[in-house]
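# Pasted the sequence and its predicted model underneath.
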Amino acid sequence: MRVFALFSLAATLLLAGPETGEVTAVTDEHIQARLANAQPGMSAITLRDYEGGEIITRQCVVTEASGDEATLRCEPFELFEQRALPNIRLSVEPGDRVILRPLGQSATVIAPSATRYVRVLDRFSEYRFVHPDLFAAQLRRSKTPVPEQKHMQRFCDRQMVGTLIFALKDGDYVVDCQSFATLAFRADAASQTSEPTLPFFNRLETIKRGFFSWGKPRKVDDFERHYRDFVTKDF
């Protein structure tokens, strides 16, 4: 069952059009690959020929990139939460394929208001957007009013989102949802003219804290201060 799912996901990603490259060397947990547009912090996966098709074997993060060569740190691929499903442990070998940012064109916007949300959609028209209502619904179910990195990554895994765009006061930060590295920044001095929707713009009701969450924050008090911790300009 897991094998079929990995085959299906691999086929879907190959149709999506992200950059692909070839593994040139393997050393312990790292691989070398030909990837012309790689930059540190980008996520990737490796594919291996398997029974007439291709199967995903590793999830990786670019650690170094120079010219058309990149070094990636890899670990076993884990997408599903059902750990009881059978797994395949195939090694990575020279000649295997690498897909850079396989879900990168799927994005969710974390914005303080509807106005800023729409502005980001216009400025990043190259992305396919997954509405933040889905993230808000996940937080409501888990009674988590203050989203942390682990909650965002869990949402990304469940909804196959590869990019988060944080709309802050100085501009928009593009973050790889798997590695949580900031990959790009687009300045935008647009001021906020309305009170922010907290914890971020969504159309659901208030997200309340769970009964057994005493000692944890009840809400995001300051949009800018909270999400600033997740981004950087050092990339």
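Received, thanks.

# CA atoms for contacts and neighbours, from now on please.
Noted.

# helix/strand/coil for the nearest residue to His151 once chain neighbours are set aside?
Nearest residue to His151, sequence neighbours excluded (CA to CA, 6 or more residues apart in numbering): Leu139, at 7.9 Å. Secondary structure assignment for Leu139 (DSSP: H, G, I helix; E, B strand; the rest coil): helix.

# do Phe135 as well
The assignment at Phe135 comes out as helix when based on three-state DSSP.

# Give me the distance between the residue nearest the centre of the chain and Ala189.
Centroid-nearest residue in the chain: Cys177, 1.9 Å away (criterion: CA atoms, centre = their mean). Counting by CA to CA, to the nearest Å, the gap from Cys177 to Ala189 is 25 Å.

# same deal with Lys150?
Relative to Ala189, and taking CA to CA, Lys150 is found at 29 Å.

# Is it correct that the residue nearest to the centre of the chain is in contact with Phe166?
No - in this structure, Cys177 is not within contact of Phe166 by CA atoms under 8 Å, at 11.4 Å.

# The residue nearest to Val231 when sequence neighbours are not counted: neighbour count?
Leaving out its chain neighbours, the residue that sits closest to Val231 by CA to CA, 6+ apart is Thr182, at 5.9 Å. Using other CA atoms under 10 Å, Thr182 has 24 neighbouring residues.

# List the contacts of the longest strand along the chain.
Longest strand in the chain, counting residues (DSSP state E): strand 53-66. Residues from elsewhere that reach strand 53-66 (CA atoms under 8 Å, 6 or more residues apart in numbering): 3, 6-7, 10-11, 38-49, 70-78, 88-92, 179.
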